[in-house]
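Chemist: Here's my sequence, what's the structure:
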Amino acid sequence: MNMLELCKQVLLKVSFDRLLFRKELTKAIRWVKGEELIQLKNWCLDQFGERYRELILLSFKPALA
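Modeler: This next block holds a predicted model:
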């Protein structure tokens, strides 16, 4: 299993809690690199965009700048 898939699994498990989700998303953004970072962002928006859209966009902003 690659880092991207591991991060997705963790985010799915903690998505019930906003603070935990933010913490794990921040870690995932540090660990995932390159094209996978864009894939992670798109996946997060698809999976959690309705609930955490603003948090996701703010979290990815520095990493993709």
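Chemist: So which bits of the biggest helix by length in the chain are buried?
Modeler: Ranked by number of residues, the top helix in the chain under DSSP state H is helix 35-60. Neighbour-count burial for helix 35-60 flags 36, 37, 40, 41, 43, 44, 48, 52, 56, 59, 60 (criterion: 16 or more other Cβ atoms under 10 Å). All C-beta spots, glycine's among them, are computed from the backbone N, C-alpha and C.
Chemist: And the furthest pair within those residues?
Modeler: Spatially, the most separated pair among these is 36 and 52, at 19.6 Å (Cβ to Cβ).
Chemist: From residue 51, how far out is the closest residue to residue 55 other than its chain neighbours?
Modeler: In space, and not counting its chain neighbours, residue 55 is closest to residue 22: 5.9 Å by Cβ to Cβ, 6 or more residues apart in numbering. Relative to residue 51, residue 22 is positioned 12 Å away (Cβ to Cβ, to the nearest Å).
Chemist: and if you look at residue 13?
Modeler: 15 Å.
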